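**Q** Build me a model from this:
(chains A, B, C and D)
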There are 2 protein chains.
Amino acid sequence: MSQKDAGVDLDASLGYLLKEASSALRTAMEEVLRPLGMSVTHYSCLELLAQRPGLSNSELARGAFVTRQTMNVLLQALERDGYVTRPAEAPVGKALPARLTPRGRRSLEKATAAVRSVEVRMLSGMTEAEQSSAFRSLRSMVRALRDGDDGR
Amino acid sequence: MSQKDAGVDLDASLGYLLKEASSALRTAMEEVLRPLGMSVTHYSCLELLAQRPGLSNSELARGAFVTRQTMNVLLQALERDGYVTRPAEAPVGKALPARLTPRGRRSLEKATAAVRSVEVRMLSGMTEAEQSSAFRSLRSMVRALRDGDDGR
DNA sequence: GACGGTATGTCAGAATGCTGACATGAGTCA
DNA sequence: TGACTCATGTCAGCATTCTGACATACCGTC
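**A** Here you go, the predicted model:
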């Protein structure tokens, strides 16, 4: 079923393979995050805030590759549940710097470990050199794709 | 804004980079497909059918990395609009083999060209050797991620 | 100071995809 | 044959994300 004559291009397309890999990674992350009651975007937001405290809603959205509207509803939920705090007024401009609460930090700990184990598993069977090579390749693809845009 | 001291891990994570690349690719594809009135999943379904005629709904779903329920509503729309045909009865089992209509094939032509140009742009700046290397790396990641699953 | 451009936060509605559930058909094994 | 398992197509409800829109705040030039 997997290798028919008619299907030549798809199995040779780096774009298709990229989608496949991303989908597999997402599925694997969902599996380990589900027992923790956390979605991938949920985790992404917390991890971003842990590594870069004070990010605004829009910055978080860009970091998690969703729209700022999507991140906004997520942030409101996280704030309501006490994982995140934002000041009532913006210190400058309109951007509200978000920070993890102790509870948010605690909740993130297990998730980080779980996600890290997934990444370790993903990279098992690859040498350091292969990993750096893959890193450079993906970086190159991202830049090439973005450069073609209307200067976003 | 892009390179703070606090943000070390994320910029070094292959998982994060994989997500970024996949997101960039999806955005680029959406941009070129939008003028054709086609979504990415829409295109994926048609391309799969062009390369492997007679795929069933479930097989298409797996190929496009969505659930069979999602693919079902898409297939119904494509069938209603005359891009795809399915027999009224299953020749064997319950699987209904889908096929492109001439209209579907015609509609796919421009989309294929557009998507191919995106992939070409993505791979510009990479040598053949780098591309094969990236291919092997991504394949390895997919296999490693799937092996850890419950034997799906 | 006035103005245009850009970035942000937020609300509302629509689109998209997923989970849960059910019925059906085929294969396996006792 | 009958029971069990598995894959499939499909319906319904829910969750997530997106697009569109608006008000506000900064920053540049005039």
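
**Q** What residues sit buried inside the one helix or strand in chain A whose mean pLDDT sits lowest?
**A** Every helix and strand in chain A was compared by mean pLDDT, DSSP states H and E; the lowest is helix A:9-12, with a mean of 75. Of all the residues in helix A:9-12, those buried under the rule 16 or more other C-beta atoms under 10 Å in any protein chain shown are residue A:10. The way it works is simple: take the backbone N, C-alpha and C, and place the C-beta from them, glycine included.

**Q** Contacts for that helix next, please.
**A** Residues outside helix A:9-12 that contact it (C-beta atoms under 8 Å, 6 or more residues apart in numbering or on different chains): A:3, A:16, B:47-48, B:51, B:63.

**Q** hmm, try it at 6 Å
**A** The contact list for helix A:9-12 (C-beta atoms under 6 Å, 6 or more residues apart in numbering or on different chains) reads A:16, B:51.

**Q** List, one by one, the residues from chain A near DNA strand C.
**A** Neighbours of DNA strand C within chain A, by C-beta under 7 Å from any atom of the strand: A:30, A:56-59, A:68-69, A:72, A:75-76, A:90, A:93-96.

**Q** count of neighbours near the residue nearest to residue A:29 when sequence neighbours are not counted?
**A** The shortest distance from residue A:29 to any non-neighbouring residue, by C-beta to C-beta, 6 or more residues apart in numbering or on different chains, is to residue A:40 (5.2 Å). Counted with other C-beta atoms under 10 Å in any protein chain shown, the neighbours of residue A:40 add up to 16.

**Q** pretty sure residue A:40 is in contact with residue A:27, am I right?
**A** No - Residue A:40 lies out of contact with residue A:27 (C-beta atoms under 6 Å); the separation is 9.7 Å.

**Q** got any residues that touch both of those two?
**A** Shared contacts of residue A:40 and residue A:27, counting by C-beta under 6 Å, 6+ apart, come down to nothing at all.

**Q** that older thread, separation between the residue nearest to residue A:29 and residue A:60?
**A** 14 Å (C-beta to C-beta, to the nearest Å).

**Q** try residue A:129
**A** 34 Å.

**Q** Those two: which is more packed in?
**A** residue A:60 (24 against 9).

**Q** Quick check: closest non-adjacent residue to that one.
**A** In space, residue A:60 is closest to residue A:71, 5.1 Å off (C-beta to C-beta, 6+ apart).

**Q** neighbours of the one you found, just the number please.
**A** 27.

**Q** next one: residue A:119
**A** 19.

**Q** is it fair to say it lies in a strand?
**A** No - counting by DSSP: H, G, I helix; E, B strand; the rest coil, one finds residue A:119 to be helix, located in no strand.

**Q** Please name the nearest non-neighbouring residue to it.
**A** residue B:15 (4.6 Å).

**Q** Against DNA strand C, how distant is that neighbour?
**A** 19 Å (C-beta to the nearest atom of the strand, to the nearest Å).

**Q** looking just at contacts, which helices and strands does the helix or strand containing residue A:62 meet?
**A** According to DSSP states H and E, residue A:62 maps onto helix A:57-64. The helices and strands touching helix A:57-64, judged by 3 or more C-beta pairs under 6 Å, 6 or more residues apart in numbering or on different chains; DSSP states H and E, are helix A:40-51, helix A:68-80.
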